[in-house]
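[1] all I have is the shape, not the residue letters:
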């Protein structure tokens with residue numbers, strides 16, 4: 001009898017647990033949509049203290065990609081873990097996350113009016129969420145974030161309804177330029193785009209319909225007034241290993257710069273995967289949180305590595321070809337007879353900056369995160385002949401001979417010079433361009449005249465700021481390299497660029513060069 005009572009108590013507890021009303025994370029909650037005449041599912045993640053307070057909370061709508069569903073942000077995006085940690089660390093404000101089922105419709109109404117998903121989202125889902133949960137029901141406290149198809153949805157909903165959704169973070173936006181859209185194979189276009197912006201079966205320029213233009217950010221952004229632009233708060237993020245999305249996301253960024261549309265834009269190492277999208281979450285949620293609190297975006301949180309105390313004795317002066325040169329030699333140089341790889345740095349660096357660079361490189365070498373190498377600082381000089389320097393330097397210093405053990409890096413105006421020098425002949429294993437003054441028209445012919453086999457052995461690293469002066473040229477090189485399948489890394493980080501960008505990128509730049517030396 002006692003065993004039976006214990007069993008019944010256990011069953012009662014289990015049933016109460018399973019059907020508890022204070023669940024914080026709920027998957028596949030059902031809402032019936034009168035507009036769609038069917039049920040729509042959504043998942044929910046509430047703040048940890050939701051049931052311990054009567055406070056209201058802002059809401060972030062998380063949109064999934066094509067082929068995924070309302071559970072994807074929980075399962076693969078690990079949103080609850082990221083949100084809880086960032087909230088507990090005081091990095092973001094507590095917020096409610098809503099993850100709706102989106103089928104395969106790109107978060108729009110289809111052109112034929114047969115599936116009005118966007119109307120359902122705005123007219124039914126948002127009011128329903130506001131009625132179910134303690135939300136702050138205004139535009140400032142509603143945000144959107146999505147990946148791939150969801151990135152398109154996050155952007156289009158913000159552009160169309162800035163008075164409902166006050167900010168957005170589109171990740172790896174599944175978007176096409178007109179050229180890509182017109183050239184896409186018929187089967188793929190019909191299945192993905194034609195049924196929405198239509199109609200299926202159209203080819204070439206006939207695909208650029210009036211309805212397509214009404215739902216294309218490329219067209220919508222160009223027509224916005226200054227008053228409408230002032231309502232936008234956009235943070236875009238994409239990986240440098242994307243395929244067609246590399247071009248379309250880059251061209252969207254360039255268009256937004258042209259029309260002075262304020263936005264944050266990042267390109268990071270990665271492809272079309274949750275590895276990239278999860279790694280975007282800390283800064284994406286910081287951006288959303290700042291918008292909720294009506295604050296200017298505080299900027300990306302990066303791993304702060306305290307710079308080593310500058311050692312002015314690391315940079316030595318020598319005359320090479322009757323010209324003064326600054327050179328860094330590894331600390332062990334005088335204790336060995338070994339040969340070393342060499343990196344040429346082209347830029348108008350002052351003496352303090354040279355010492356900072358040498359100090360940081362020396363630290364990377366001593367920490368065993370980079371191999372020992374020699375640095376040679378070169379001025380920005382259009383008459384520069386690297387081969388003459390190489391011949392003289394190899395006689396004077398123990399430089400390991402051969403293409404494989406040479407790298408060249410250029411900063412700002414030195415970047416365009418380094419690019420030109422590197423393209424003349426195969427003489428560098430790694431080419432590094434930081435905030436480089438690359439002009440679209442001047443680099444097009446240089447790249448198009450390259451022999452495809454040349455860049456099979458040379459790797460290029462390009463890094464630019466999202467608000468710098470040379471963004472279009474750097475992005476253009478990246479797009480062409482993607483088209484030609486040339487191996488390269490591409491990064492876009494926050495800010496205006498300058499020497500701070502150079503120093504921040506220096507550790508990755510050194511590792512990139514060292515990887516080339518040892519490949």
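    Arrived safely, thanks for sending. These numbers were taken from a predicted model, which means no experiment stands behind them.
[2] quick one: low-confidence parts of the chain?
    1-21, 303-308, 425, 451-455 (pLDDT under 70).
[3] how does it divide up, domain by domain?
    For the chain, automatic domain parsing gives the domain ranges 19-175+226-292, 176-215, 312-517.
[4] just put those in CSV and tack on mean neighbour count.
    C-beta here means a position set from N, CA and C on the backbone, and glycine is covered the same way. Output for the domains of the chain, formatted as CSV (neighbours: other C-beta atoms under 10 Å):
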stretch, mean neighbour count
domain 19-175+226-292, 19
domain 176-215, 15
domain 312-517, 18
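[5] need the ones you listed in CSV (columns: distance to residue 301).
    What follows is these, written out as CSV (distance: least, C-beta to C-beta, whole Å):
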stretch, distance to residue 301
domain 19-175+226-292, 6
domain 176-215, 32
domain 312-517, 11
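[6] looking at these, which is closest to residue 298?
    Among the domains of the chain, domain 19-175+226-292 comes nearest to residue 298, with 5.9 Å by C-beta to C-beta.
[7] identify the bridge partners of the residue lying closest to residue 253 once chain neighbours are set aside.
    Closest residue to residue 253 apart from its sequence neighbours, by C-beta to C-beta, 6 or more residues apart in numbering: residue 265 at 4.7 Å. Residue 265 forms beta bridges with residue 236, as assigned by DSSP bridges.
[8] quick check: the gap between the closest residue to residue 229 other than its chain neighbours and residue 294.
    Once flanking residues are discounted, residue 229 sits nearest to residue 261: 5.6 Å by C-beta to C-beta, 6+ apart. Distance of residue 261 to residue 294, computed by C-beta to C-beta, to the nearest Å: 20 Å.
[9] would you work out how far apart the start and end of stretch 97-116 are?
    Separation of the first and last residues of stretch 97-116 by C-alpha to C-alpha, to the nearest Å is 23 Å.
[10] please read the previous query as pertaining to stretch 424-441.
    17 Å.
[11] what does stretch 147-155 rub up against?
    61-66, 77, 102, 104, 106-108, 144-146, 168-175, 217, 234, 272, 274, 277 (C-beta atoms under 8 Å, 6 or more residues apart in numbering).
[12] in helices only, show me those residues.
    217, 274, 277 (DSSP state H).
[13] starting at the chain centroid, how far to stretch 482-489?
    17 Å (C-alpha atoms, centre = their mean, to the nearest Å).
[14] next one: stretch 486-502
    11 Å.
[15] which other residues reach it?
    240, 253, 264-269, 299-300, 347, 353, 357, 411-412, 434-435, 455-456, 459-471, 474-475, 478, 481, 504-505, 508, 512.
[16] next step: the residues you listed restricted to strands.
    264-268, 411, 434, 459-465 (DSSP state E).
[17] ok, which pair from the residues you listed is furthest apart?
    Taking C-beta to C-beta, no two of the ones in strands among the contacts of stretch 486-502 sit farther apart than 264 and 459, at 27.7 Å.
[18] in this structure residue 294 contacts residue 140, no?
    Yes. Under the criterion of C-beta atoms under 8 Å, residue 294 makes contact with residue 140 at 6.3 Å.
[19] correct me, but residue 382 touches residue 413?
    No. Using C-beta under 8 Å, residue 382 makes no contact with residue 413, being 9.7 Å away.
[20] quick one: contacts for residue 237?
    Per C-beta under 8 Å, 6+ apart, neighbours of residue 237: 169-172, 265-268, 276, 280, 283-284.
[21] tell me the one of those nearest residue 35?
    residue 170 (24.4 Å).
[22] the closest one bridge partners, please.
    residue 146.
[23] in the stretch 301-450 of the chain, which spans are strands?
    Secondary structure of the stretch 301-450 of the chain (DSSP state E, counting those that start in this stretch): strands at 315-320, 323-328, 342-346, 374-378, 406-411, 430-434.
[24] so which of those is nearest residue 207?
    strand 430-434 (36.2 Å).
[25] so what touches the closest one?
    Residues beyond strand 430-434 that count as contacts (C-beta under 8 Å, 6+ apart) turn out to be 407-412, 415, 418-419, 422, 458-463, 474, 477, 501-502, 505, 509, 512-513, 515-517.
[26] thinking again about what came up before, which of the contacts of stretch 147-155 fall in strands?
    Checking the contacts of stretch 147-155 against DSSP E, those in strands are 61-63, 144-146, 168-171.
[27] can I get the contacts of residue 237 in TSV including distance to residue 36?
    Shown next, in TSV, are these (distance: C-beta to C-beta, whole Å):
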residue	distance to residue 36
169	26
170	24
171	26
172	27
265	34
266	35
267	37
268	36
276	31
280	30
283	34
284	29
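[28] residue 369: which of the residues you listed is nearest?
    residue 268 (19.6 Å).
[29] right, and the closest one touches residue 276 too?
    Yes. Counting by C-beta under 8 Å, residue 276 is a contact partner of residue 268 at 6.8 Å.
[30] and for those two, which residues touch both?
    The contact sets of residue 268 and residue 276 overlap at 237, 239 (C-beta under 8 Å, 6+ apart).
[31] excluding chain neighbours, what is closest to residue 440?
    residue 476 (4.6 Å).
[32] show me the contacts for that neighbour.
    Contacts of residue 476 (C-beta under 8 Å, 6+ apart): 438, 440, 443-444.
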